[in-house]
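1. Structure of the sequence below:
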Amino acid sequence: MLAVIPTFSLAEWRAASDEQVVADHLLAMCHGVGFFYLTDHGVPHAFLHDYFRQLEQFFALPEATKAQIDKRNSAHFRGWECVGAELTNNRVDHREQLDVSTEHSPHPADAEPAYLRLDGPNQWLPEHELPGFHAAVDEFFAHMGAVAWELMEVMSVGLGLPRHHLRERFGERPLSFVKLISYPRTPPGEAGVNAHNDAGFLTLLLQHGVGGLQALAPDGEWLDIDPPPGAIIVNIGEMLQAMTGNYFVACTHRVIATEPRFSSAYFHGPDLRTSLAPLALPARFAEAVANSPRHRSAGFMAKRDELLDGRDDIASESAAVFGQQMWNYYVRSYPDVVEKHYPGTTQPA
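-> Purely as a prediction, here's the structure:
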């Protein structure tokens with residue numbers, strides 16, 4: 001039977017007389033498909049409307065203007081990139097995007113471990129180029145972060161942990177990032193973004209009226225992601241998969257756009273130094289994994305050197321800490337940026 005994408009309401013959580021029952025409902029979604037629609041999240045509709053208006057205006061700017069903040073100029077992998085600049089599983093993605101992250105003071109250019117070099121500033125256009133854009137993106141960070149922190153409380157309760165356990169695990173300098181994305185029509189046989197798992201912890205995505213996102217169901221069928229109006233699409237990343245011992249599984253997904261499409265994704269992340277060691281969970285979670293071939297065999301995205309050696313797309317092992325996981329992602333996806341700022345790098349740091 002074909003799986004469906006379930007829906008979770010934050011209003012039910014906030015009004016719950018029995019929080020464990022509601023938290024268990026969310027856990028079932030994370031253990032199943034690994035995607036869900038989040039409703040009653042409280043992010044104002046008027047803000048989201050304005051945010052996407054700003055997003056569309058950014059991508060409508062001349063390429064020469066956007067190129068002022070070309071990602072290749074950033075040693076921290078932040079900025080604008082033209083269509084085809086990112087690789088997923090060593091395949092070209094047909095999308096244009098702007099990447100921004102939580103801003104922390106940078107470490108030295110030769111910092112070790114190398115993943116510490118991901119801390120640093122964003123690139124922004126001068127305010128006169130697109131008035132209000134910087135502020136809108138900052139507000140998007142704030143809204144999505146608040147929702148993600150609340151979801152983590154629900155997950156902590158469901159996993160039998162203290163309410164703020166996951167938040168405390170995130171450390172002193174959490175590092176989240178946002179993608180603002182414009183998809184042209186996908187060429188035949190290609191993908192707007194190729195099949196992949198998200199490398200991080202938790203992804204919150206909004207798409208502006210046009211579909212194209214697909215998730216790989218447990219039965220091997222591709223499911224079209226078609227959220228209710230105003231809902232946030234949420235999916236599990238590989239970090240959460242690692243920390244729950246594969247009880248939660250990062251769901252493989254892709255985008256094939258049949259018409260131009262805009263979306264924006266928020267990736268909720270911890271301190272770069274956060275350990276991905278498994279959480280201390282009740283035995284029933286490990287037993288559930290042991291009894292499920294799908295969960296037992298769930299792997300992680302291959303590293304850049306593994307892809308070059310012909311390794312399967314999703315067959316690797318998790319990194320030891322979050323920063324290493326993200327460094328693997330950037331090295332895998334942006335070889336031109338790596339060659340410019342970190343020449344000769346292929347192995348994970």
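
2. how close does the residue lying closest to His107 once chain neighbours are set aside sit to His268?
-> Nearest residue to His107, sequence neighbours excluded (CB to CB, 6 or more residues apart in numbering): Leu116, at 4.5 Å. The C-beta positions use only the backbone N, C-alpha and C, and glycine is treated the same way. Distance of Leu116 to His268, given as CB to CB, to the nearest Å: 20 Å.

3. Neighbour count for these two, which is higher?
-> His268 (25 against 17; other CB atoms under 10 Å).

4. For that one, which residues are in contact?
-> If a contact means CB atoms under 8 Å, 6 or more residues apart in numbering, then His268 has Met144, Gly145, Ala148, Met152, Ser176, Gly200, Phe201, Leu202, Thr203, Leu204 as its contacts.

5. Turn the residues you listed into CSV, columns for pLDDT.
-> Output for the contacts of His268, formatted as CSV (pLDDT from 0 to 100):
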residue, pLDDT
Met144, 98
Gly145, 98
Ala148, 98
Met152, 97
Ser176, 97
Gly200, 85
Phe201, 92
Leu202, 96
Thr203, 98
Leu204, 98
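
6. May I see the buried residues of the host helix or strand of Lys66?
-> Using DSSP states H and E, Lys66 maps to helix 63-66. Using 16 or more other CB atoms under 10 Å as the test for burial, helix 63-66 gives Lys66.

7. and if you look at stretch 214-231?
-> Gln214, Ala215, Leu216, Ala217, Leu223, Ile225, Pro227, Ala231.

8. what do you get for stretch 26-34?
-> Leu26, Leu27, Met29, Cys30, His31, Gly32, Val33, Gly34.

9. ok, the second one touching Val157?
-> No: counting by CB atoms under 8 Å, Leu27 does not reach Val157; the two are 9.2 Å apart.

10. now the helices for this structure?
-> Using DSSP state H, the helices of the chain run over 10-14, 19-31, 45-60, 63-66, 133-158, 165-169, 238-243, 283-290, 293-296, 304-308, 322-333, 335-341.

11. Return the residues in contact with the residue nearest to Val289 when sequence neighbours are not counted.
-> Take Val289 and drop its neighbours on the chain: the residue closest to it by CB to CB, 6+ apart is His295, 4.5 Å away. By CB under 8 Å, 6+ apart, the contact list for His295 reads His31, Asn246, Tyr247, Val249, Ala288, Val289.

12. you'd agree Glu259 is up against Val210?
-> Yes: counting by CB under 8 Å, Glu259 does reach Val210; the two are 6.0 Å apart.

13. So for those two, which residue has more residues nearby?
-> Val210 (14 against 11).

14. any idea how far that one lies from Trp149?
-> From Val210 over to Trp149 the distance is 29 Å, taken as CB to CB.

15. Could you do Gly299 as well?
-> From Gly299 across to Trp149, the span is 29 Å (CB to CB).

16. From Thr345, how far off is the nearest residue to Trp124 once chain neighbours are set aside?
-> Distances taken as CB to CB, 6+ apart put His134 closest to Trp124, at 5.2 Å, once the chain neighbours are dropped. Distance of His134 to Thr345, given as CB to CB: 31 Å.
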